[in-house]
Structures are given as structure tokens and as C-alpha cells.
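Chemist: sequence plus predicted model, see below.
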Amino acid sequence: MFSRRSRLLGLSILLASLVAGCGAPRAIKYYVIDVTPAPAVSPSSTFPISLLVGRLVTSQLYRDNRIVYGSGPVQLGTYDYDRWSEPPADMIQSALVATLRGTGQYRAVSRVSSSVRGDYVLRGHLIGLYGVDKPALVARFTLQLELYDPANHSVVWQHIYNHDQPVQGAAVPDIVMAMDQNVHAAMSEVAASLSEYFTAHPPATAAQ
């Protein structure tokens, strides 16, 4: 049998090995999409209406702040140490509000709340925001939106954005940069499409 001293020495060596093997904990990195819009310059049309932007319907993946990745056409996962500063559903809602306000074309643009009235409600579905590596590495963004008219209880406009932005590099920051470009392109497209709709269908009344 081992002596008590030998057992204590063996335990000390084991604990020292475990501590040395653990090392420093890996730091979590956080990323943001820059949603600051360019200043509006003499908008071609102004609309005397208030827009409300609802929170997006989405899967549980995009209500968490972990960055999502894809492998092939059906498999999705999340990075443990690379995360958004806020859940993508909230991030894209903020991007829509900031972009539409920045156009200077609307009397007001706000998030949906119990204390704010609006003439139209922009609502939608965040379908995908992730990097996928097959057949080539791209940042995929799929967003479906619709404009609801509460006065007439009808959907008057719909838009789907679906684009794969090529990634220049293979690291997570490279994927995030491509996602940033993709989201900005989507916001510009949505703002232009809404402007075209209201130009072709001038609102007859506006909320007070």
C-alpha cells in the first residue's frame, strides 16, 4: 500500500496538472451591425404619415445573441464565443427604424408600443442571418416584410430580401463584415421599395 505521504504527493501532482491544463478562460467576442444611416439629402418625396415597426417574427436561433453558422443546405449551429451585442431580431428591427427615419421621408418612425399610434405598421419575419460554407463561404440574409394598414385591416405592400454576400476571408470577423454589408443593402432596398409604394399610393389620411 502507498504511504499517506505518497498519496498526498500524488494528489498534489494531479491537481497541479489539472490547473496547468485549464489555462485562462477563452474570451467571448461581441459584434454589432452598424445601423447608423447616412444623413438624408433633400428627399424626393415626403409622406405625412407615421410608421410603426414591429418586432420581427423569427426562430429561437435569432432571439439568442449567438452568431449562427450553417454547414450545407440544412444544418445550422451557433458559435459559443462569437456573439452579437443583441439578438438579431432586435438588431434588424433597430436597423429598419434607423434607416426609415434617416430617409427624412416620414413624419415619424417608431417601434410598436402601446403609447404610440401609427398610420401603417411594418412587420415581418427574419428567416435567416448566418454564414454558410457550402459550396462557397457567404453571409446569407433572408428577410420578409409586409406593410399593414390598420384602417382598412389589410396588407398593402410586401417585400422579400434574399441575398448571399460573398465573404472575403474565413474568420468570424470576415463573416460579420459580409453580414453588415448584406444588411445595409437590404435596408436600402426596403427603404426604396416603400418610397415607391407611397409615391404611387399617396395616403389619404394620417394619424393625429
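Modeler: Yes, it's here.

Chemist: remind me what the top helix by length along the chain packs against, helices and strands.
Modeler: Looking across the chain with DSSP state H, the single longest helix is helix 172-200. On a contact count with 3 or more CB pairs under 8 Å, 6 or more residues apart in numbering; DSSP states H and E, helix 172-200 meets strand 29-31, strand 66-71, helix 88-102, strand 120-132, strand 138-149, strand 154-166. (C-beta placed from N, C-alpha, C; glycine too.)

Chemist: which one of those has the lowest average pLDDT?
Modeler: Sorting the helices and strands packed on helix 172-200 by mean pLDDT places strand 66-71 lowest, at a mean of 92.

Chemist: how long is stretch 49-58 end to end?
Modeler: 27 Å (CA to CA, to the nearest Å).

Chemist: so how far is that stretch from its chain's centroid?
Modeler: 14 Å (CA atoms, centre = their mean, to the nearest Å).

Chemist: in that stretch, what's buried?
Modeler: By 16 or more other CB atoms under 10 Å, the buried positions in stretch 49-58 come out as 49-54, 56, 58.

Chemist: now flag whichever of these is closest to Pro202.
Modeler: Ile49 (9.5 Å; CB to CB).

Chemist: nearest spatial neighbour of that closest one, chain-adjacent residues omitted?
Modeler: Distances taken as CB to CB, 6 or more residues apart in numbering put Asp119 closest to Ile49, at 4.2 Å, once the chain neighbours are dropped.

Chemist: and the one you found, backbone torsions?
Modeler: Torsion angles at Asp119 (phi, psi; degrees, to the nearest 10) stand at phi -80, psi -30.
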